[in-house]
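Student: Next comes the sequence, and after it the predicted model I'd like to discuss.
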Amino acid sequence: MTELKKQKNYDFIDSIRFISMIGIVMEHSTLFWGKHYTILHDQIIQTVSLQVFKFGTIIFFLLSGFLIGDKFATYNSKEYMKRRFDNTFKPWLFWCFMMLFLTYLDMYVRYAKFGDPDLITNPVPVFFENIVHITMFTAYWFILNFMICIGTLLLFRKYIHSNIFGAILGLLSLLYSLNLYVHWFPTAHTIAFLGFIFYLWLGFKINVHYDKFVAFINRIRLLPILLLVVLTFTAACWESVHLMDSIPDDPFNTLRLSNIIYSLVAFVFLFKYANLPFISRLKPRQTTFGIYLIHQLLVFYLLPLIFKPLGISNEQDSIWFLVALQFIRFFIVYAGAYVLALAISKLPKGARWVIGQ
């Protein structure tokens, strides 16, 4: 393969984001969440199906940090946060509201059909429970976490070039890895607000030292990095299986040490080999954020309309059936989110803001 040119361009960002978003939609489309298998064979199949694309979250923080490197040189903190609000937080608020609206619509339908009392019993606590669920325990947790990470970097902006500062952030991330075994605080990665700042900072440092990073990438050969991907993937799968007994509700936590290493290795591999020409024709820069914002609604509200009447759920006994179903659900969700995001990206400027365009 020809060597990467030592110049900053965003083609690699578009390609890696495209692939990572496929993984995130695949992960959210599976029915394996909440399944507790006791047979090792089934545990391995479940783990492999969830781990393959588990690099997506950490890589998105890395890429966001890389882009910060240019923006911090152009904007002051106030200007940058205003841009983040307009391009990221405001679209996020819109789609969170859409999910809240659909949640209450679903509650009303259940109330009208079955007399479900959730709609009228303790309306204030239920409202805030829905807000917490949407912003912290669905795919939308990422933007809230991301904005807190950005705010933290801006707060300590004068230290952002310091390796000591980066080491402190790295230790915070490793603290979450350790916590999976000692249980000092809740393990859910969706509320790990200090666990991901390091990867934002690391992406920033890659931007600052881009020439050196590209020189490092150019020395890498396919066989060694491919072997390293396989080894770290295997280690990540092993750790998840090991954690199934101690934290059965969260054995696939993103901040597992093995998954952190796997994600970083996957980033290096994708940076070198995933800049594929056909990806640019799919307009990832215009659609990726829209796919992220839209896909969770399709998982929660479209898929049940399709599969519930067919009697298909995660109660199915065959693990291979659930694997096949994961891919079917993914294709429905990804295709739907992509078409909607692409359509919105072609609307007038006044309407495109809902996907950050």
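Tutor: The structure has been received and is ready for your questions.

Student: Can you name the helix or strand that the residue lying closest to F327 once chain neighbours are set aside falls in?
Tutor: Distances taken as C-beta to C-beta, 6 or more residues apart in numbering place M26 nearest to F327, at 7.9 Å, with adjacent residues excluded. C-betas here are computed from N, CA, C, even on glycine. Per DSSP states H and E, M26 falls inside helix 11-29.

Student: Which residues does that helix contact?
Tutor: If you take C-beta atoms under 8 Å, 6 or more residues apart in numbering as the criterion, helix 11-29 is touched by 50, 52-57, 59-60, 63, 66-67, 139, 267, 270-271, 274-276, 279-280, 282, 284-285, 288, 291-292, 295-296, 299, 303, 326-327, 329-330, 332-334, 337.

Student: May I see the buried residues of that helix?
Tutor: 12-29 (16 or more other C-beta atoms under 10 Å).

Student: For the helix or strand containing I143, which helices and strands make contact with it?
Tutor: Assigned by DSSP H and E, I143 falls within helix 141-155. If you count contacts as 3 or more C-beta pairs under 8 Å, 6 or more residues apart in numbering; DSSP states H and E, helix 141-155 packs onto helix 56-74, helix 77-84, helix 123-136, helix 197-208.

Student: starting at the chain centroid, how far to stretch 153-171?
Tutor: When distances are taken as C-alpha atoms, centre = their mean, to the nearest Å, stretch 153-171 is centred 23 Å away from the chain's centroid.

Student: send the alpha carbons of that stretch over as CSV?
Tutor: Only the C-alpha atoms of stretch 153-171 are listed here, as CSV (Å, rounded to 0.1, in the frame of the first residue of the first chain):
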residue,chain,number,x,y,z
LEU,A,153,-10.9,20.4,28.2
LEU,A,154,-11.9,24.1,27.8
LEU,A,155,-11.8,24.6,31.5
PHE,A,156,-8.2,23.3,31.6
ARG,A,157,-7.3,24.6,28.2
LYS,A,158,-4.0,26.1,29.3
TYR,A,159,-2.9,22.5,30.2
ILE,A,160,-4.1,20.8,27.1
HIS,A,161,-0.6,20.4,25.6
SER,A,162,0.8,18.9,28.9
ASN,A,163,1.5,15.2,28.9
ILE,A,164,1.1,15.2,32.7
PHE,A,165,-2.4,16.5,32.2
GLY,A,166,-3.0,13.7,29.6
ALA,A,167,-1.6,11.2,32.0
ILE,A,168,-4.1,12.3,34.7
LEU,A,169,-6.9,11.9,32.3
GLY,A,170,-5.6,8.5,31.3
LEU,A,171,-5.6,7.4,34.9
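
Student: Give me whichever of the helices and strands packed on helix 141-155 is most buried.
Tutor: helix 197-208 (a mean of 22; mean count of other C-beta atoms under 10 Å).

Student: which ones are touching the nearest residue to R256 once chain neighbours are set aside?
Tutor: Spatially, and ignoring its direct neighbours in sequence, R256 is nearest to E239 (5.3 Å; C-beta to C-beta, 6+ apart). Neighbouring residues of E239 by C-beta under 8 Å, 6+ apart: 256-259.

Student: Could you identify the pair within the residues you listed that is furthest apart?
Tutor: L257 and N259 (7.4 Å; C-beta to C-beta).

Student: quick one, which of these two is more surrounded?
Tutor: Higher neighbour count among L257 and N259: N259, with 27 against 17, using other C-beta atoms under 10 Å.

Student: Can you list the buried residues in the helix or strand hosting that one?
Tutor: Using DSSP H and E, N259 maps to helix 257-273. Neighbour-count burial for helix 257-273 flags 257-272 (criterion: 16+ other C-beta under 10 Å).

Student: Could you list the residues in contact with it?
Tutor: 1, 4, 12, 15-16, 19, 51, 54-55, 57-59, 62, 173-174, 177, 217, 220, 222, 225-226, 228-229, 232-233, 235-236, 238-239, 253.

Student: Report the buried members of those residues.
Tutor: Judged by 16+ other C-beta under 10 Å, buried ones among those: 4, 12, 15-16, 19, 51, 54-55, 57-59, 62, 173, 177, 217, 220, 225, 228-229, 232-233, 235-236, 239, 253.

Student: quick revisit: send the alpha carbons of the helix holding M26 over as CSV?
Tutor: Taking C-alpha atoms only, helix 11-29 is exported to CSV below (Å, rounded to 0.1, in the frame of the first residue of the first chain):
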residue,chain,number,x,y,z
ASP,A,11,-10.9,11.8,4.3
PHE,A,12,-9.7,9.3,6.9
ILE,A,13,-12.1,10.9,9.5
ASP,A,14,-15.1,10.4,7.2
SER,A,15,-14.1,6.8,6.5
ILE,A,16,-13.5,5.8,10.1
ARG,A,17,-16.7,7.5,11.3
PHE,A,18,-18.6,5.7,8.6
ILE,A,19,-17.3,2.3,9.7
SER,A,20,-17.6,3.1,13.4
MET,A,21,-21.3,4.3,13.0
ILE,A,22,-22.0,0.9,11.3
GLY,A,23,-20.7,-0.7,14.5
ILE,A,24,-22.7,1.5,16.8
VAL,A,25,-26.0,0.9,14.9
MET,A,26,-25.2,-2.9,14.8
GLU,A,27,-24.6,-2.8,18.6
HIS,A,28,-27.9,-1.0,19.3
SER,A,29,-29.8,-3.3,16.9
